[in-house]
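Undergrad: This is the structure alone, sequence omitted:
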């Protein structure tokens with residue numbers, strides 16, 4: 001049976017940390033031998049999820065984001081969690097072009113982008129407030145190079 005791998009990082013909800021989150025997840029996924037396109041898809045989805053936290057979860061700043069990543073076989077599961085203000089209507093927020101900040105020239109495409117690049121996403125309320133976004137992707141470009149247990 002193949003081992004799974006897991007990592008967790010917490011960082012301030014600042015736009016400068018979006019790049020850190022992308023690189024962190026990309027580096028963690030490398031043992032799965034993803035293609036450049038698959039890695040780009042993952043990085044783009046993570047970027048959107050983290051940016052949503054930065055822009056929407058903490059309108060007054062001073063929040064934290066928890067990013068976890070787990071691999072099992074050739075699948076990666078990425079969770080982005082905040083403890084911010086949440087979303088009143090999650091299903092409405094997942095509709096393309098819906099934005100709560102039209103004055104800031106937001107496109108309202110964050111969830112649509114995540115869904116287009118990942119195999120599945122799940123958005124739920126965080127028990128302590130805020131949201132949890134879970135994204136999964138199968139790496140199909142090559143077999144995972146994870147040692148056997």
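TA: That came in fine, so what should we check first? In this text the structure is predicted, and so the values were computed from the model without any measurement.

Undergrad: who's in contact with the most centrally placed residue in the chain?
TA: Centroid-nearest residue in the chain, with C-alpha atoms, centre = their mean: residue 46, separated by 3.7 Å. If you count contacts by C-beta atoms under 8 Å, 6 or more residues apart in numbering, residue 46 has them with 21-22, 25, 67, 78, 80, 135. In short, each C-beta sits where N, CA and C put it, glycine included.

Undergrad: please redo it, this time with the cut-off set to 7 Å
TA: Residues counted as contacts of residue 46 (C-beta atoms under 7 Å, 6 or more residues apart in numbering) are 21-22, 25, 78.

Undergrad: before we move on, which element is it in?
TA: helix 36-52 (DSSP states H and E).

Undergrad: Report the buried residues of that helix.
TA: 38-39, 41-52 (16 or more other C-beta atoms under 10 Å).

Undergrad: which one of these is nearest residue 7?
TA: Set against residue 7, the nearest of the buried residues of helix 36-52 by C-beta to C-beta is residue 46 (12.8 Å).

Undergrad: hmm, back to that, now the angle from the helix or strand just after the helix holding residue 46 to helix 36-52?
TA: Note on helix 36-52: by DSSP H and E, the next helix or strand toward the C-terminus is strand 64-72. Strand 64-72 runs at 150 degrees relative to helix 36-52, counting by axes from the mean of the first three to the mean of the last three C-alpha atoms, to 10 degrees.

Undergrad: Tell me which helix or strand comes right after strand 64-72.
TA: Remark: after strand 64-72, the chain's next helix or strand is strand 75-82, criterion DSSP H and E.
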